[in-house]
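> From the sequence below, what's the structure:
(chains A and B)
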2 protein chains.
Amino acid sequence: MAFLQTYAQRATKHANPAARHLLETISRKQSNLAVSVDVTKSADFLSVIDTVGPYVCLIKTHIDIIEDFEPVLIDRLTALSLKHDFLIFEDRKFADIGNTVALQYSAGVHKIASWAHITNAHPVPGPSVVTGLASVGTPLNRGLLLLAEMSTAGTLARGAYTEDAVRMARANPDFVIGFIAMRRMDGFGVRDGEVQNSEEDFLILTPGVGLDVKGDGLGQQYRTPMEVISQSGCDVIIVGRGVYGNPASLDVDEVRRQADRYRKAGWDAYLDRMKGR
Amino acid sequence: MAFLQTYAQRATKHANPAARHLLETISRKQSNLAVSVDVTKSADFLSVIDTVGPYVCLIKTHIDIIEDFEPVLIDRLTALSLKHDFLIFEDRKFADIGNTVALQYSAGVHKIASWAHITNAHPVPGPSVVTGLASVGTPLNRGLLLLAEMSTAGTLARGAYTEDAVRMARANPDFVIGFIAMRRMDGFGVRDGEVQNSEEDFLILTPGVGLDVKGDGLGQQYRTPMEVISQSGCDVIIVGRGVYGNPASLDVDEVRRQADRYRKAGWDAYLDRMKGR
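Numbering: from 1, shown residues only, chains lettered A, B, ... in the order given. Okay, here's the model as predicted:
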């Protein structure tokens, strides 16, 4: 099973360039921490990223909530990703028919495919959402995550839905590099008589991770890095406000301290998982 | 059942201002036609809308695919909606947690809540997606459609998923005005022992409608207005390229002819449905 190998071992074998890049970065920086930067001002966006950059493998963005977006923001984001050695994951949650997602991914003001190493999609439209995104992303060496599960209360991404999401990923292993999910997806969606490819390696990125909180009052639920990485076998923890607090009054030293605290908690949980091999 | 009443009768009774506005517009213009304007250039966007405007109750937009978007485009779109008497439906397919969708709806470059009378969301995150959007949209008299079904091949919006979507709408009848679906949702999601409110009136807006074509090669499937409005009991047909063809070489007379042809086909199908009362 892929998740019982080291990140470095998995990096040497993965077929997708964005997945390889992410696994190498995790291994090199000893960080399976992704920070979700949910802020509405460009200045806050850049200062949070510049502060947490050294501690993360991945920055998760919502480019469509930034009010003063200008194309130069992408140049600055890309420069920070090179300076601090992290990948960029635009959390767009594409969820439309193939023709439309291809345009949403490549065009518009934000031109996501041109700068985001990784993006994600809901499987709900059926296979055309993957086909449409792959037509844009594959030539650019991008990777796609499917939302097989969500961390919110009352989500409909469960049961047969999750199984169908995993099957959709298996049908497109060159472009779909993994899942947003709460646990490993190995064995999910395997029908009677089918055998899962033992080389299959889908990355699991997991939101709803916190060291100090249990919920946000709007349906978000939290677990610790140890629960997520060691017990549930996920690969990357996604943390937001738990790291950077209020972006309008950023305490840089405190944010660095929190980012390294989450990085270390995620890495310790990974070492704990590896002990169990 | 609401769909056996006239659009005008339903307009007098609906609790949501955006739904009332839409039902009144349909009745006044004798048009249940929504045109989906999926173009990437502002000039094409405005010229298609100015051409089809007299024939539609609703213009469906994907504002995030427009490459040369500037805030003034919204002023022009709003002016056209007043000139031609139609509502605006941003087909954003929100599908994130409550905090995030509230920001995506209100903020960013596009500020969707400030101009789109109607938007839509996937129910997959659970009830927080509705709560988050309602916190922004309700004070602005907006309305939300939930995607209970999709017109694409292999969609996961079926069965228990669709039933859950309808329950989520019933829990928020002031803000959720209806569904993107392929048929009426009456009776869906009603549990044993429950009785559906006989005054319930969810609008059904239906994509995948064509008079001349059967599929687009990327998973979209088509039905006729008679199938959709009369047989399946839907309220609004959504048509795209079938009306305006290639936006880069717009044949204005031909587009008007097609728009009126679809308007008439949709209205005839409605009259056919009313005959059956």
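> shaky segments in the stretch 151-277 of chain A?
A:213-220, A:276-277 (pLDDT under 70).
> All the helices of it, residue numbers only.
For the stretch 151-277 of chain A, applying DSSP state H, counting those that start in this stretch gives helices covering A:160-170, A:225, A:241-244, A:252-275.
> Which stretch among those is buried most, on average?
Highest mean neighbour count of the helices of the stretch 151-277 of chain A: helix A:225, a mean of 27 (counted as mean count of other CB atoms under 10 Å in any protein chain shown). Where you see a C-beta, it was placed from the backbone N, CA and C, and this is true even at glycine.
> what's the spacing between the closest residue to residue A:178 other than its chain neighbours and chain B?
Leaving aside its sequence neighbours, residue A:178 sits nearest to residue A:203 (CB to CB, 6 or more residues apart in numbering or on different chains; 3.2 Å). Residue A:203 is 20 Å from chain B, where distance means CB to the nearest CB, to the nearest Å.
> Then residue A:172?
13 Å.
> Pull the number of nearby residues for the residue lying closest to residue A:70 once chain neighbours are set aside.
Residue nearest to residue A:70 in three dimensions, not counting chain neighbours: residue A:42, with 7.4 Å by CB to CB, 6+ apart. For residue A:42, the neighbour count with other CB atoms under 10 Å in any protein chain shown is 17.
> what residues are up against residue A:42?
By CB atoms under 8 Å, 6 or more residues apart in numbering or on different chains, residue A:42 lies in contact with A:66, A:68, A:69, A:70, A:73.
> I'd like to know which of these are buried.
A:66, A:69, A:73 (16 or more other CB atoms under 10 Å in any protein chain shown).
> Was I right to think the second one contacts residue B:107?
No: Residue A:69 lies out of contact with residue B:107 (CB atoms under 8 Å); the separation is 10.2 Å.
> What's the separation between the residue nearest the centre of chain A and residue B:197?
Central residue of chain A (CA atoms, centre = their mean): residue A:205, 4.8 Å from the mean position. Using CB to CB, to the nearest Å, residue A:205 is found at 41 Å from residue B:197.
> can you check residue A:195 too?
50 Å.
> can you tell me which residues contact the closest residue to residue A:184 other than its chain neighbours?
Among residues not flanking residue A:184 along the chain, residue A:233 sits closest, at 4.1 Å (CB to CB, 6+ apart). By CB under 8 Å, 6+ apart, the residues touching residue A:233 are A:3, A:183, A:184, A:204, A:273.
> which of those has the most neighbours?
The contacts of residue A:233, ranked by neighbours (other CB under 10 Å): first place residue A:204, 24 neighbours.
> Kindly state the beta-bridge partners for it.
residue A:179 (DSSP bridges).
> State the number of residues packed around residue A:140.
There are 15 residues near residue A:140, going by other CB under 10 Å.
> next one: the one 5 residues further on
Using other CB under 10 Å, residue A:145 has 26 other residues around it.
> May I have the phi/psi pair for it?
Phi and psi for residue A:145, reported as degrees, to the nearest 10, are phi -110, psi 140.
> Enumerate every residue touching the nearest residue to it once chain neighbours are set aside.
Counting by CB to CB, 6+ apart, the nearest residue to residue A:145 once its immediate chain neighbours are dropped is residue A:120, at 4.1 Å. By CB under 8 Å, 6+ apart, the contact set of residue A:120 is A:89, A:91, A:92, A:93, A:94, A:144, A:145, A:146, A:147, A:180.
> same thing but at 6 Å, please
Going by CB atoms under 6 Å, 6 or more residues apart in numbering or on different chains, residue A:120 touches A:93, A:145, A:180.
> May I ask which helix or strand encompasses it?
strand A:118-121 (DSSP states H and E).
> Check which element follows that strand along the chain.
Defined by DSSP H and E, the subsequent element after strand A:118-121 is helix A:128-137.
> hmm, that following helix in reach of chain B?
Yes: residues of helix A:128-137 are located near chain B by CB under 6 Å from any CB of the partner chain, namely residue A:128.
> and the angle for that helix with helix A:160-170?
Orientation check (axes from the mean of the first three to the mean of the last three CA atoms, to 10 degrees): helix A:128-137 against helix A:160-170 gives 30 degrees.
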